[in-house]
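Colleague: Kindly generate the corresponding structure for this input.
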Amino acid sequence: MRPVRSIDEEELTNALLQLTRLAPRTLCFVTGHGEHSPQDNSDRRGYSTVAKALEREHFAIRSFDIVPADGVPTDCTVVVVGGPTQELAPGEARQFVRYLTAGGQMLFLVDPSTPPPVVEFLAGLGVRVGNDVIVDERNRFIGADSFMPRVPIFDQGTFRKNLDAAAVFAIARTVAPMDPPPPGVTVSLLALTGDDSWARVDGGAVPDAPPKFRREVDKPGPLPVAVMATVGAEERPATGQDVQPAPGRARHGGRMIVVGDSDFGSNLYLNLLGNKDLFMSSVGVLAEDEALIAVRRKGLPRGSFSPVSLTAEQGRAIFWLAVIVQPLAFTVLGMGIVWQRRRRASR
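Modeller: Purely as a prediction, here's the structure:
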C-alpha cells in the first residue's frame, strides 16, 4: 500500500510505478572532475532539481568523486557524468569501458571546455566531439546571446516519438558518430540543431565580438549534438582484461548517450522548453524504462505562473506590435475621430 498526496495524473502514475517496480534502480553521478552535482542547489552548476524529479520517478540518487578502484558499483543502473571540467583519474577511463562492456549504461555530457583527454576517451568509443561552439543567432532568446542553440530534431525511434518540444542548450559543441567506428561499437545519431544554426570551428572558444559565419572554415546546420554508442559484447574495445557481464545487466553490451552540453539539465535551464523531457527521456532510454521515455509534466518554478520562452525575433515582433504599432494605430484613430467631430461642429 502506498498513500497518495493528491488525486491527479502525476501522483497516481508515480504510485502505480512504485508498486509495480520490484528491483531498485540507482543513478550514480560522478562529481570528482568538476561535474554538476545532484546535491548542488545553485542555479548554474546545480543538478538538484533534476535529481528530485528522478527521485519522484523512484530512482535512488547517489554520487561519488571518482570510480572506485574495483570498478563502477554493480548496483548503478545508469552512471551520469555531467560536464567534467578536469581530466579523468588514472585508470578511470578503463573502468568506464569495463563497465560498458559488462552491459552498463552511461549518460555523458560534455561542454566546449571539456578537457582533451576526455574527448580522446570518447573518441575511443566511436564518438567524435567537435572542436567548435554552436551559434544560433536567429533563434536566440530575449536577453541571451547567440550561443544558445535550439535542438528541435530527435531520433523518433529511440525516444518513442514523445519529444515534441525543442530543447535549448546553453553553450554547446557538436557530437557526432565517428566513421568508421571502432570494432565492436555502433554509434547512432540522436539529436540535431536547426537549419539556422552553424558551428564556429575555433577551439570551442566563445568570441568577444559578434560571430560571423566563415564559409571556408565553419560548418552550417543542422548539426549533430547527441549520439548513442552501443558497445557490443562480441567485439569489445580493448581493455587489456577479460570482462564478464555484471549481474542484472544486458549480455549484449552497454550503451552510452553523449550530449554536447551539460548545462541544459542544470537548475537554471531544466524547465526551459523541452530540456527536462530530453534529460528524463535519456535516462529512461538507458534504464529501459518506457514510462520515463515520454514528455514529463514540467514543474512550475515559482508561484503559479508558467515560464514563457521567446526568441529575440519574437520579442522584437511583440515589441513593435504592442509598443509601437498598436498605440500608434489608436493615436491615429483618435486623431481621426477628433478631426471628424471638429469638422462637424464647424458646419
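Colleague: can we go C-alpha only for contacts and neighbour counts from here?
Modeller: Fine.
Colleague: would you list every one of the helices in the stretch 151-300 of the chain?
Modeller: 275-287 (DSSP state H, counting those that start in this stretch).
Colleague: Just the strands from it, written as ranges.
Modeller: With DSSP state E, counting those that start in this stretch applied, the stretch 151-300 of the chain shows strands at 153-154, 167-168, 175-177, 185-192, 198-200, 219-220, 224-232, 253-259, listed in chain order.
Colleague: residues in contact with the fifth one?
Modeller: What that stands for is strand 198-200. Identification of contacts with strand 198-200 by CA atoms under 8 Å, 6 or more residues apart in numbering yields 132-136, 173-174, 213, 217-223.
Colleague: And residue 216, how far from residue 199?
Modeller: Between residue 216 and residue 199 the distance, using CA to CA, to the nearest Å, works out to 12 Å.
Colleague: Those two: which is more packed in?
Modeller: Using other CA atoms under 10 Å, the more surrounded residue of residue 216 and residue 199 is residue 199, with 26 against 6.
Colleague: Which strand residues bridge that one?
Modeller: Legend: beta-bridge partners of residue 199 under DSSP bridges are residue 134, residue 219.
Colleague: Can you check the pLDDT for it?
Modeller: At residue 199, the pLDDT value in this model is 95.
Colleague: and what of the one 3 residues further on?
Modeller: As summarised for this prediction, residue 202 has a pLDDT of 83.
Colleague: Burial check on the residue lying closest to residue 44 once chain neighbours are set aside, number of neighbours?
Modeller: Excluding the flanking residues, the one nearest residue 44 by CA to CA, 6 or more residues apart in numbering is residue 268, at 5.6 Å. Look at residue 268: counted by other CA under 10 Å, it has 18 neighbours.
Colleague: Make JSON lines out of the strands of the stretch 151-300 of the chain and add distance to residue 33.
Modeller: Output for the strands of the stretch 151-300 of the chain, formatted as JSON lines (distance: least, CA to CA, whole Å):
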{"stretch": "strand 153-154", "distance to residue 33": "29"}
{"stretch": "strand 167-168", "distance to residue 33": "24"}
{"stretch": "strand 175-177", "distance to residue 33": "20"}
{"stretch": "strand 185-192", "distance to residue 33": "25"}
{"stretch": "strand 198-200", "distance to residue 33": "26"}
{"stretch": "strand 219-220", "distance to residue 33": "30"}
{"stretch": "strand 224-232", "distance to residue 33": "21"}
{"stretch": "strand 253-259", "distance to residue 33": "17"}
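Colleague: Of those, flag the one that's most buried.
Modeller: Mean neighbour count (mean count of other CA atoms under 10 Å) peaks for strand 167-168 among the strands of the stretch 151-300 of the chain, with a mean of 28.
Colleague: The nearest residue to residue 148 once chain neighbours are set aside - how many residues pack around it?
Modeller: Setting aside the residues directly before and after it, residue 148 is nearest to residue 170 in space (CA to CA, 6+ apart), at 4.7 Å. As a burial measure, residue 170 scores 22 neighbours (other CA under 10 Å).
Colleague: can you give me the strands for the stretch 1-150 of the chain?
Modeller: Under DSSP E, counting those that start in this stretch, the stretch 1-150 of the chain gives strands at 26-30, 60-64, 78-82, 105-109, 127-129, 133-135, 150-151.
Colleague: Quick one: closest of these to residue 91.
Modeller: Closest to residue 91 of those is strand 26-30 (CA to CA; 14.8 Å).
Colleague: just how off-centre is that closest one within its chain?
Modeller: 16 Å (CA atoms, centre = their mean, to the nearest Å).
Colleague: just stretch 175-195 next, same as before
Modeller: The mean C-alpha position of stretch 175-195 is separated from the chain mean by 16 Å, CA atoms, centre = their mean.
Colleague: which outside residues touch that stretch?
Modeller: 123-130, 149-155, 158, 220-237, 258-260.
Colleague: State the distance from residue 198 to residue 214.
Modeller: Applying CA to CA, the value for residue 198 to residue 214 is 10 Å.
Colleague: what distance separates the start and the end of stretch 77-88?
Modeller: 21 Å.
Colleague: re the thing from before, most tightly packed of the strands of the stretch 1-150 of the chain?
Modeller: Of the strands of the stretch 1-150 of the chain, the one with the most neighbours on average (mean count of other CA under 10 Å) is strand 133-135, at a mean of 30.
Colleague: Can you list the low-confidence ranges for the stretch 1-150 of the chain?
Modeller: Where the stretch 1-150 of the chain drops to pLDDT under 70, the residues are 1-23, 141-144.
Colleague: mind redoing it with 90?
Modeller: 1-24, 44, 56-58, 69-70, 74, 137-146 (pLDDT under 90).
Colleague: Okay, helices next: where are they in it?
Modeller: Using DSSP H, counting those that start in this stretch, helices in the stretch 1-150 of the chain cover 9-20, 48-56, 92-101, 116-123.
Colleague: about what we covered before: just so I know, which of the strands of the stretch 151-300 of the chain lies nearest residue 345?
Modeller: strand 167-168 (60.0 Å).
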